[in-house]
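Sequence plus predicted model, see below.
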Amino acid sequence: MTSSYATALYLKERGACGASVFIVGEEGPRVELSAIGMEIVNDSLDTHVDYVVVGMDRNFTYEKLTKAQQAILNGAQFIATNRDATYPLEGGKVVPGGGALVAAIEVATGVTPVLIGKPEPTAMQKLLDIAHTSPKEAVIVGDRLDTDVLVGKRLGAVTVLVLTGVTTEADLRQAPPECQPDIVIRQLSEILDKMALVPEQRA
């Protein structure tokens, strides 16, 4: 369940098949939105656009920012696939994530987007629905407190924070109650042992 796929499901359920969309993103949203019949617009300055969908885009430019801004100011609905401010790389490095681009467009337009990905529960709830699973039966594992853990808390699932990504122990100590995970592991290989704690955590 990628954020692009969840965005496509969200738009399809709202009758957006056949609507026009300007995408700030890479292959994922283009493939998913094309699959539901949306018309991808490459030059939004001279064409009416119904939606602007924004995600991770390593080829983001001032021109794309301008096109997205103008489309939204002209009435297009602003959709954000996710708000991850950074994207982790090997060796502990991070680069700007899709959320950084969403923020730029939000500032340029003064419009708050509809958020599909974490920490909003839209995508995760859809995944649970497809799997015929209740939140109480689910475990959400991630490396971010403000997205992975927070969405799990909002859904009522067990949350597991793995300290192999962007979150440090210092971040964990300073996190608010709604972002505190049920279980913390230092590496994924610990998860099977730690899952024995789940019944206690749920109690």
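Received, thanks.

can you list the domain ranges for the protein.
According to automatic domain parsing, the chain comprises the domains 3-115, 122-196.

tell me the pLDDT at Thr164?
pLDDT recorded at Thr164 is 87.

how about the strands in this structure?
20-24, 39-40, 51-54, 77-80, 86-88, 94-96, 114-115, 139-142, 158-162, 183-185 (DSSP state E).

Distance to Ala8 for the ones you listed - can I get that in JSON lines?
C-beta here means a position set from N, CA and C on the backbone, and glycine is covered the same way. What follows is the strands of the chain, written out as JSON lines (distance: least, CB to CB, whole Å):
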{"stretch": "strand 20-24", "distance to Ala8": "10"}
{"stretch": "strand 39-40", "distance to Ala8": "12"}
{"stretch": "strand 51-54", "distance to Ala8": "9"}
{"stretch": "strand 77-80", "distance to Ala8": "10"}
{"stretch": "strand 86-88", "distance to Ala8": "21"}
{"stretch": "strand 94-96", "distance to Ala8": "24"}
{"stretch": "strand 114-115", "distance to Ala8": "14"}
{"stretch": "strand 139-142", "distance to Ala8": "21"}
{"stretch": "strand 158-162", "distance to Ala8": "26"}
{"stretch": "strand 183-185", "distance to Ala8": "32"}
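
Done for today, thanks.
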